[in-house]
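Engineer: Below are the sequence and a predicted model for it; my questions follow.
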Amino acid sequence: MSVIKALSKKAWVHRLICSLLAAYIRFVRLTTQWTVEGTEARDRLFAEGKPFIIALWHNRICMMPYAYAEQSNRMCVVTSGHRDGRLVLDTMERFGFDGIPVDSKDGAKATRIVIRRLKDGGHVGITPDGPRGPALEVKEGIIFIAAMAGVPIIPVSYAVKKRRMLNTWDRFQVPLPFNRGICRWGEAIVLPAKPDAETRERYRQMLHTILQDLTASCDRDMGHVP
């Protein structure tokens, strides 16, 4: 085992890494000129006090604390239960978010927790292609959860002018400081009550297309090839 891996398992090193990541995200936010569009559906649901699911690609979670509206602190993020997932979860907690770690051995339990959270009026952020891909592919889980909880899904994506793309399964994007960025929200996707398999698949494809289009439009506006 390498020295780095051994150190990363120590609690104080883990806390230090999370604190540094949170500080970096805040620094990028403060030094970036942001344009935010399409928040009407999100703001309406906030004003009405209704729960919903936020859907975004796994490789765009870095600036999620600022994609989410700051007028509510009832946000919960779903992450994997392995070490990388704990890193994301503990970093997001520094922005006041709760977390639900998903154990691959007991996904049903995590799903019940997410549904309960939504029925209690909370908001949940889900990466529909996470935690291990395929990248940029919506899995059915998010559709099943939305249907069971009876809540809408609101897709969101963003892009920045200057970025670093990591050599990970999802080509994770790290925004750089002193930047320019755009964040776009989509319309609320409302599923019918008790959708059958064919209907769930139709809505899965709908969410996939909307997320791809939102991301592509953001990338193009920042000068990147989608």
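Structural biologist: Happy to help now that I have it.

Engineer: who touches Ser84 in this structure?
Structural biologist: Careful, residue 84 is Asp; it's not Ser. Residues counted as contacts of Asp84 (Cβ atoms under 8 Å, 6 or more residues apart in numbering) are Pro131. In short, each C-beta sits where N, CA and C put it, glycine included.

Engineer: Any regions of this protein where pLDDT drops low?
Structural biologist: 1-8, 68-74, 81, 103-107 (pLDDT under 70).

Engineer: which other residues reach whichever strand or helix holds His14?
Structural biologist: For His14, the element it lies in under DSSP states H and E is helix 11-30. Applying Cβ under 8 Å, 6+ apart, the contact partners of helix 11-30 are 7-8, 62-63, 65-66, 86-87, 90-91, 93-95, 175-177, 179.

Engineer: swap the cut-off to 10 Å and go again
Structural biologist: Residues from elsewhere that reach helix 11-30 (Cβ atoms under 10 Å, 6 or more residues apart in numbering): 4, 6-8, 10, 62-66, 83, 86-95, 160, 162, 174-179, 181.

Engineer: The next helix or strand after that helix pairs with which strands?
Structural biologist: Helices and strands here follow DSSP H and E; after helix 11-30, the next one along the chain is strand 32-37. According to DSSP bridges, strand 32-37 forms sheet pairs with strand 179-185 (parallel).

Engineer: Report how many residues lie close to Thr31.
Structural biologist: Thr31 has 12 neighbours, counted by other Cβ atoms under 10 Å.

Engineer: This structure: helices as residue ranges?
Structural biologist: With DSSP state H as the criterion, the chain has helices at 3-8, 11-30, 40-48, 64-67, 83-93, 107-119, 141-149, 197-221.
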